[in-house]
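Trainee: heads up, no residue letters with this:
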């Protein structure tokens with residue numbers, strides 16, 4: 001792999017890691033959410049109004065994160081497919097047990113899926129700026 005391709009792979013990985021860690025899409029340093037614990041039921045989905053590092057506005061417009069349903073849905077489908085394959089094909093569970101485990105798993109993962117869906121959604125609309133953190137520009 002030449003140097004240019006390696007740099008591109010590192011940048012893509014960095015973006016994926018930043019989404020997974022739920023960091024600001026512009027500076028990739030500030031947190032999107034006020035708490036790191038998605039299971040904090042009082043504030044698990046509470047987001048900063050803007051990035052504490054670069055001041056990027058996270059409240060882009062009213063109802064902006066309703067669109068995150070479009071990014072959460074494929075995550076749910078992916079989890080359902082993995083669970084279906086593993087529980088039905090590998091563990092050969094009955095359908096009754098399968099549906100109970102599937103339902104409980106998706107219910108318990110919902111706070112994580114919601115936050116990840118929001119992080120992906122804002123990354124679609126806000127570009128990375130490596131200098132944003134230096135200047136704290138808006």
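Mentor: Done, it's in. Source: prediction; values computed, not measured. Numbering: from 1, shown residues only.
Trainee: quick check, central residue of this protein?
Mentor: residue 116 (2.0 Å; CA atoms, centre = their mean).
Trainee: so how far is residue 127 from that residue?
Mentor: In this structure, residue 116 and residue 127 are 20 Å apart, going by CB to CB, to the nearest Å. No exception for glycine: its C-beta is placed from N, CA and C like everyone else's.
Trainee: next: residue 77.
Mentor: From residue 77 to residue 127 the distance is 27 Å (CB to CB).
Trainee: thinking again about what came up before, ok, the residue nearest to the centre of the chain touching residue 22?
Mentor: Yes: counting by CB atoms under 8 Å, residue 116 does reach residue 22; the two are 7.4 Å apart.
Trainee: select the longest helix from this structure.
Mentor: Assignment by DSSP state H gives helix 95-125 as the longest helix of the chain.
Trainee: mind pulling up the pLDDT for the residue of the chain positioned farthest from its centre?
Mentor: Here the centre of the chain is the reference, and by CA atoms, centre = their mean the most remote residue is residue 94, at 32.1 Å. With respect to pLDDT, residue 94 scores 95.
Trainee: separation between it and residue 63?
Mentor: 42 Å.
Trainee: so, low pLDDT: which residues of the chain?
Mentor: Counting by pLDDT under 70, the chain contains low-confidence residues at 1-13, 135-138.
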